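A.B. asks: Pasting the sequence and the predicted model now:
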Amino acid sequence: MRAGAPYVGSEVGRLRQVIVHRPGVELLRLTPQTMDDLLFDDLIWVRRAQEEHDEFCAALVGAGAEVLQLADLLRETLAVAQARAFVLDHTFDERVHGPAATPVLRATAEALGDADLTELLIGGMTKRELLERTDEPRSVVLHALGPDDLVVAPLPNHLFTRDASCWVYGGVAVNSMRMPARIRESVAYEAIYRWHPRFAGAPFQRWSDGLEDGQATVEGGDVFVLGGGAVLVGMSERTTPQGVERLAKRLFAAGAADRVVALGMPKARVFMHLDTVMTMVDERSFIKYGALGMLPSYTITPGGPAAAEGDVELSIADHPPERMHATIADALGLDGLRILTAEQDVHSAAREQWDDGCNALAVAPGVVVTYDRTTTSNTYLRDSGFEVLEVPGAELGRGRGGPRCMSCPTVRDDH
Ligand SMILES: NC(=[NH2+])NCCC[C@H](N)C(=O)O
C-alpha cells in the first residue's frame, strides 16, 4: 500500500482514517409524518445528537484515526467545476421535479456558494426557501406543494456513512441503494472520490461504475472485509444476490479478493444489514445476535477467465445453515470462529439488537466502540477480554444505526 492511499485491509486492523457525518439540518426536517419514509423510528433532538456524535468522533480520534467529515469533503469537492456540474445534474431530475421546475431549481442551486450548496444537498430545501431565492416558476409540481413542503428531499441517513459507499481492499464501491430515501446519498460519494483532491490523485480501484439507482443493490452495512483476500456479504433487506455477484466479479477480476462468502439473511427491517446482527471484533471473533440462528451460505470463488478480457467466471459452492460459522472460518483460514452471544432473556436480547448492541466498530483488534445503552453486550464483551469504548447513543440510536453504521473506513490496516 502506498502511504496515505485509501486501502481497507480488514474489519478489525487499526483504523487510520474514516468518513463520518455530523448530523445537522437534515434531521430537523424529520416530522412524525415523514420519519417512516426517511427510515427513522423517532424524531431526534438534534443538538443532543450532535453532542453524542462529537463524542463518537473524539473516541475515534483518541483511538488514532483521522476523522473526515462528509460535509467538509462535499463542500471542498463542489469547488471543482466538473464535480459541481455532476452533482447538480444528478440531484435535479425531471422525473422528480418535473421538466418545468428542474432548470429553475438547478440554476438556483448553481448560484449558491459551496457551503450553502452543501447544506442544500444534505439538508434539502422547502418551497418557501426556494421562493426566497427565485420567483416561482410555472410548474404544476411546485404549484401543488404547500409553502413548507420539501422541494429537494433531505438526506438524514447520511449519518450512516457506512452504507452508500464501501472500501474493500484497494478500491471502493459507490453503492446502488435499496431505499428511495437513500438513493441520492451515492451522488456525494461518487463526486468526492472522483474529484476531491484527497482522492482524485490517489491510486485506487473502482468496484462500481458510476451511479446506479436501485438495481442490483449493495449497501456497505452488509459488506465485511474479512482480510487476506476474503470478503463476507449479507444478502439482506438491502443487498441482493445480483449485487453480490457483480461485486465478486469486480474484486476477482482485479485480483483484490479471491473468495466472497454470501449469507442468506431474513429480509426484514429489524435485520436490515448484516452489521445489525453481527460484527467482527477481532481476528477470529464476532459478536452475534442469538436469535439470528444459522444462515445458509455460499462461497464464491473465481472459476477461471471468462470470454471477455479482464472478466472472470464465478464458481459457487453452497452450504447448509449449520455450516455458517465453518464457511466464514474457512474463508478466514481458521479452524473455527469465536462467536460471542451474551446470555440474556429473549426480550432483552431483542431490545439490545434493536439498539445496535451487535453493531460494534473495531478500531483495532479487540478494541471496539459501542453505544453505552447496550449494557449487557458491553459487559459481556469486557468479560470476554475486549476493550470497550462506550459512546452515548440515546438520540443517535433512533435512526437504527450504531458505531459501525456511522463510519466509512477509508484507511485500515490488514490484521
Ligand atoms: N449499516 C447500517 N446498519 N446502517 C443503518 C442504517 C439505518 C438507516 N436508518 C436505514 O434504514 O437505512
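C.D. replies: Thanks, I have it.

A.B. asks: Wait, a helix at Gly303?
C.D. replies: No. Assigned with DSSP: H, G, I helix; E, B strand; the rest coil, Gly303 falls outside any helix and is strand.

A.B. asks: Neighbours of it, how many?
C.D. replies: Using other CB atoms under 10 Å, Gly303 is surrounded by 12 other residues. Backbone N, C-alpha and C define where each C-beta goes, glycine included.

A.B. asks: Contacts only, for it.
C.D. replies: Neighbouring residues of Gly303 by CB atoms under 8 Å, 6 or more residues apart in numbering: Val312, Glu313, Leu314, Ser315.

A.B. asks: Can you check what pLDDT the model gives the residue nearest to Leu274 when sequence neighbours are not counted?
C.D. replies: Excluding the flanking residues, the one nearest Leu274 by CB to CB, 6 or more residues apart in numbering is Gly234, at 2.7 Å. Looking at Gly234, its pLDDT is 98.

A.B. asks: what's the answer for Gly170, then?
C.D. replies: Taking Gly170 on its own, its pLDDT is 98.

A.B. asks: again with Arg351
C.D. replies: pLDDT, Arg351: 87.

A.B. asks: Checking it next. Helix, strand or coil?
C.D. replies: State at Arg351, reduced to three classes by three-state DSSP: helix.

A.B. asks: Give the rounded mean pLDDT of the one helix or strand Gly98 maps to.
C.D. replies: Assigned by DSSP states H and E, Gly98 belongs to helix 94-110. In this model, helix 94-110 has an average pLDDT of 95.

A.B. asks: Stretch 333-342 now?
C.D. replies: Across stretch 333-342, pLDDT averages out at 96.

A.B. asks: Next, the distance between the ends of it.
C.D. replies: Terminal residues of stretch 333-342 lie 26 Å apart, using CA to CA, to the nearest Å.

A.B. asks: can you list contacts of that stretch?
C.D. replies: Contact with stretch 333-342 is made by 228, 230, 281, 284-290, 325-326, 328-329, 349, 352, 357, 376-377, 379-381, 384, as judged by CB under 8 Å, 6+ apart.

A.B. asks: one step back: what residues of the helix holding Gly98 count as buried?
C.D. replies: For helix 94-110, burial by neighbour count (16 or more other CB atoms under 10 Å) applies to His97, Gly98, Ala101, Thr102, Val104, Leu105, Arg106, Thr108, Ala109.

A.B. asks: Helix 94-110 and the very next helix or strand once past that helix, what's the angle between them?
C.D. replies: Per DSSP H and E, the first helix or strand lying C-terminal to helix 94-110 is helix 114-123. Following axes from the mean of the first three to the mean of the last three CA atoms, to 10 degrees, one obtains 160 degrees for the angle between helix 114-123 and helix 94-110.

A.B. asks: three-state assignment of Val260?
C.D. replies: Three-state assignment for Val260 (three-state DSSP): strand.

A.B. asks: Do I have it right that it meets Arg250?
C.D. replies: No. Here Val260 lies out of contact with Arg250, judged by CB atoms under 8 Å, at a distance of 10.5 Å.

A.B. asks: of those two, who's got more company?
C.D. replies: Between Val260 and Arg250, counting by other CB under 10 Å, Val260 is the more crowded of the two (28 against 22).

A.B. asks: Name all residues that make contact with that one.
C.D. replies: Ala230, Val231, Leu232, Val233, Val244, Leu247, Ala248, Leu251, Thr299, Ile300, Thr301.

A.B. asks: so it bridges to which residues?
C.D. replies: Val231, Ile300 (DSSP bridges).

A.B. asks: Touching, Gln242 and Ala216? I think so.
C.D. replies: Yes. Using CB under 8 Å, Gln242 is in contact with Ala216, at 4.1 Å.

A.B. asks: out of these two, which sits in the more crowded spot?
C.D. replies: The neighbour count for Gln242 versus Ala216, taken as other CB under 10 Å, is higher for Ala216 (17 against 14).

A.B. asks: A helix includes that one, no?
C.D. replies: No. Per three-state DSSP, Ala216 lies outside any helix segment and is coil.

A.B. asks: thinking it is in contact with Arg238, fair?
C.D. replies: No. Applying CB under 8 Å, one finds Ala216 not in contact with Arg238, separated by 11.7 Å.

A.B. asks: Among the contacts of stretch 333-342, name the ones in strands.
C.D. replies: Members of the contacts of stretch 333-342 lying in strands (criterion: DSSP state E): Ala230, Val281, Ser285, Phe286, Ile287, Lys288.

A.B. asks: and the two most separated of those residues?
C.D. replies: For the ones in strands among the contacts of stretch 333-342, the farthest-apart pair by CB to CB is Ala230 and Ile287; their separation is 18.9 Å.

A.B. asks: Lys267 is in contact with the residue nearest to Leu274, correct?
C.D. replies: No. Counting by CB under 8 Å, Gly234 stays clear of Lys267, with 10.7 Å between them.

A.B. asks: rewinding a little: out of the contacts of Gly303, which are buried?
C.D. replies: Val312, Leu314.

A.B. asks: Show me the two of the contacts of Gly303 that sit farthest apart.
C.D. replies: Val312 and Ser315 (9.3 Å).

A.B. asks: What remains of the contacts of stretch 333-342 if I keep only buried residues?
C.D. replies: 228, 230, 281, 284-290, 325, 328-329, 349, 352, 357, 376-377, 380-381, 384.

A.B. asks: Mind telling me what element the residue most central in space within the chain is part of?
C.D. replies: What sits nearest the mean C-alpha location of the chain, by CA atoms, centre = their mean, is Asp163, with 1.6 Å. Using DSSP H and E, Asp163 maps to neither a helix nor a strand.

A.B. asks: can you check Gly243 too?
C.D. replies: Using DSSP H and E, Gly243 sits within helix 241-253.
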